[in-house]
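J.: This is a predicted model, with the sequence first.
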Amino acid sequence: MSALSCLIPAENASLAERLYCAYNSGGDPETAGRNFQGMPCPLWGDLPENVRVKWTAVAVYIETKALKCEWGGENE
């Protein structure tokens, strides 16, 4: 698997998967798609369930809190 594979979300990707791919794309271009040990980050589907659940929690937060605040809704 190429380290760059985890940078591209699937065509029908959830917000959580798109956020995971964006995270893997960030930082130093030389280490994009690699973890702190220099190994390629797994594809979304290869992540352990508990890690996908955590990314889903981030997506839910963004959808329910962060975007609402940004658009002039409720404050936290």
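T.: Ah, there it is.
J.: Leu43 contacts Ser5, doesn't it?
T.: Yes - using CB atoms under 8 Å, Leu43 is in contact with Ser5, at 5.9 Å. From N, CA and C alone the C-beta is placed, and that goes for glycine too.
J.: for this structure, which helix is longest?
T.: When the chain is parsed with DSSP state H, its longest helix is helix 49-61.
J.: Alpha carbons of that helix, in CSV - could you do that?
T.: Extracted in CSV, the C-alpha atoms of helix 49-61 (Å, rounded to 0.1, in the frame of the first residue of the first chain):
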residue,chain,number,x,y,z
GLU,A,49,-13.3,0.0,14.7
ASN,A,50,-12.5,2.1,17.8
VAL,A,51,-10.5,4.5,15.8
ARG,A,52,-13.2,4.9,13.2
VAL,A,53,-15.7,5.6,16.0
LYS,A,54,-13.4,8.4,17.3
TRP,A,55,-13.2,10.0,13.9
THR,A,56,-17.0,9.7,13.6
ALA,A,57,-17.3,11.5,16.9
VAL,A,58,-15.2,14.4,15.5
ALA,A,59,-17.5,14.5,12.4
VAL,A,60,-20.6,14.6,14.6
TYR,A,61,-19.1,17.4,16.6
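J.: Quick check: chain neighbours aside, which residue is closest to Leu4?
T.: Spatially, and ignoring its direct neighbours in sequence, Leu4 is nearest to Gly33 (5.1 Å; CB to CB, 6 or more residues apart in numbering).
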